[in-house]
Each structure stands twice: as C-alpha cells, then as structure tokens.
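>>> Turn this into a structure:
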Amino acid sequence: MYFLTDEERKQLLKGFLPRSRQMEIAEELRGWNWHQPPLAPVYDIRMALYEVANSYCKTNRDLYLRKIDRIKSKPNSAMIRGKVFHDILVRVLVRAKRLIYEKGVGNFQEILEQLNTPLDLSFLTEYQSQLKEDEFIELKKKAATVAAFENARVAARIQEILVKQPYIAEDSLAALAIPVVVEQKLDGTFFGLSANLSADAYTFSEPMVLDLKFGEQKKFHRLTTTGYALVMEAIYEFPINIGCLVYAEFKGDRLVVKKDIHIIDDELRQWFIEERDEKMRMIYEEIDPGLGQCYDYCPYILQCRG
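This next block holds a predicted model:
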C-alpha cells in the first residue's frame, strides 16, 4: 500500500516535488530549530504524537480523561482492525526483505514461491476475546485480503526489478523493490513528544513520510505526517517536505486504496505546534474542556455520556 502507482509517482515527481522545492518554508518552522520558539515546547510534558494530531473528540476531552483522570480505555473494534492491518503490512514487508537476504537473488523463484504462500495469521487469536464472533470472522477475512494484496504487490516489484537488472545483488534488490522503512522509531522529546515514536513508513527513494489510515478521511490526519516530518528534521537535520496519507477501505470484498500526497508547508507546521501547545496547556493546568459532540465509536463515550 505504501508503493506509488505510475500515475501517483508522476504526480509526485512532476508536481509535488518541484512545488515543494520552490516553496520557501519559514526557517523557524524547520524541525532542526526545535530548541527555540515557536517549536520549543513551553511545558515539561510528554505526549504521544497521535495525542497531538488526533481531533476525533472536538473538545479533546478524551485526552483530558486519559492524562488527568488516568482512565485507560479499551480498544474498540475499529481500533483493533486498524492495529491488525498495520501489523500485517509490517509482517509482509519484513518477511519479503528477509526472504531476499536469506534466499539470495539466485534463488528468486523460492522467494516468489514463498511470497505466494499465505501469511500466517494465527496471531489474530489474541484479539478473539475482544471482538464479537461475527466481527472476528470478518477481521480474519479482511486480514487475509490485505496480506494477499501486499504479497502480490511485493512479488510484482521484485520481478520488475529482476528483469531490468541482471547483475543485481540482494541488498540492492531489497532497497529497490521495498524502498520503505516500516515502523521507524523516532525520539520526539525535542518537541515534548514521546521518546518512542513510531512512523508507519518512510521512503528514501521518494522522500516522504507515510501514514496508513483505515477509516474516513479527516483534515487533521495531515498533522500526523507533519509531526513526524518535524521530528525527522530535528534528528537528521535535512528537510522533509512531502507527506502521504494512505487510505484503505473495503468495498464488499474488494480493497480500495487512495493516497493523499501533500506538501508539509508552513500552515501545517504552525497548526501542529498550536495543537501541541494548546493540549499541553490543558494538561498542565488540568482544564476540563467539557463535553463535545461525541462520535459513536469513541472509547470514552461511557465516561462522558454514562
């Protein structure tokens, strides 16, 4: 799902990348200036990046309940589905890289054969007790669809590289066929964020932060890629200008994937910092933001509505 189609790559190379290079990002909003205003955190508080970026609860009372009242929520079925599908993508891509290194280019047919073998989904049983029977059956079915889709994409990319590069070795094949780092660990303490952040994916060949979503598209989702871009700029001290949100949804038995490629501009950077500062102030001063318009699948709906 993290791989771009030919049309998306063309849009990136001929549209987003040239525009991002021409766009002047305010120097004070580059991540490497984390030590001074406005990027330097005002409060000595640590937050997860999703706690800054998410605004499903309009008043952020879910954050207040978690941070101030110390109420831990149980994951709902949508959260479990998202976690499982993320996990499957990681397992497929890591397995493919491992196969390339273990089998070697000379045994590419074994690599392709094993990629055609369905992914072991026995780990799903750990979620069985948290879901209704029909929900668990549906989860297994969709999980198998996600794994089969990604396995087929990886196998096709490996074959595409092999027919072009007759002298390629394992390391180069892995880098060209699967040019993403999944679950990249990042230290976000420069911005008052967790020291154990985990970006869904980062691709070096097309310099982008990617984040996978299973659900309805929201404007604030771009704050996730923006947050990771700021943290990467602070750590590596090179510009990250492009983000990509990958939206996956099921239409019956079919998996449909759409991508929102965007420039991480001044507006997004400023928005992320303002969200961080406002939420940190709410936590530091223990301000109950009150009830908002609750959404049906909020894990804190019982605490707010009874």
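>>> buried sites along stretch 1-8?
1, 2, 3, 4, 8 (16 or more other CB atoms under 10 Å). Placement of C-beta: from N, CA and C, glycine included.
>>> quick one: terminal-to-terminal distance for that stretch?
End-to-end distance of stretch 1-8: 12 Å, with CA to CA, to the nearest Å as the criterion.
>>> Quick one: mean pLDDT for it?
For stretch 1-8, mean pLDDT rounds to 89.
>>> Need the contact partners of it.
Contacts to stretch 1-8, defined as CB atoms under 8 Å, 6 or more residues apart in numbering, come from residues 12, 89, 93, 149-150, 153, 157, 180, 182, 200-201, 203, 206, 210, 212, 246, 248, 257, 259, 261.
>>> Just the buried residues of these.
Buried residues within those, counting neighbours by 16+ other CB under 10 Å: 12, 89, 93, 149-150, 153, 157, 180, 182, 200-201, 203, 206, 210, 212, 246, 248, 259, 261.
>>> right, and the secondary structure at the nearest residue to residue 273 once chain neighbours are set aside would be what?
In this structure, residue 273 finds its nearest non-sequential neighbour in residue 38, 5.5 Å apart by CB to CB, 6 or more residues apart in numbering. Under DSSP: H, G, I helix; E, B strand; the rest coil, the three-state class of residue 38 is coil.
>>> what about residue 38, neighbour count?
For residue 38, the count of nearby residues is 15 (other CB atoms under 10 Å).
>>> So it versus residue 94, what's the distance?
38 Å (CB to CB, to the nearest Å).
>>> Same question for residue 197.
To residue 94, residue 197 is 19 Å away according to CB to CB.
>>> do residue 47 as well
28 Å.
>>> can you tell me which residues contact the closest residue to residue 40 other than its chain neighbours?
Excluding the flanking residues, the one nearest residue 40 by CB to CB, 6+ apart is residue 34, at 6.5 Å. By CB under 8 Å, 6+ apart, the residues touching residue 34 are 40, 190, 191, 230, 234.
>>> Could you identify the buried members of these?
By 16+ other CB under 10 Å, these give 190, 191, 230, 234 as buried.
>>> contact partners of the helix or strand that residue 277 is a member of?
Using DSSP states H and E, residue 277 maps to helix 266-284. Residues from elsewhere that reach helix 266-284 (CB under 8 Å, 6+ apart): 25-26, 29, 38-39, 41-43, 45, 47, 51-53, 55, 60, 63-64, 67-68, 191-193, 222-223, 226-227, 230, 262, 287, 289.
>>> Mind giving me the PyMOL select for the residues you listed, buried ones only?
This is how PyMOL selects the buried members of the contacts of helix 266-284, with burial counted by 16+ other CB under 10 Å:
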select buried, resi 25+29+39+41+47+51+52+53+55+60+63+64+67+191+192+193+222+223+226+227+230+262+289
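>>> mind listing what residue 208 touches?
Contacts for residue 208 (CB under 8 Å, 6+ apart) come out as 12, 202, 240, 242, 243, 244, 261.
>>> thinking again about what came up before, hang on, isn't the residue nearest to residue 273 packed against residue 28?
Yes - under the criterion of CB atoms under 8 Å, residue 38 makes contact with residue 28 at 6.5 Å.
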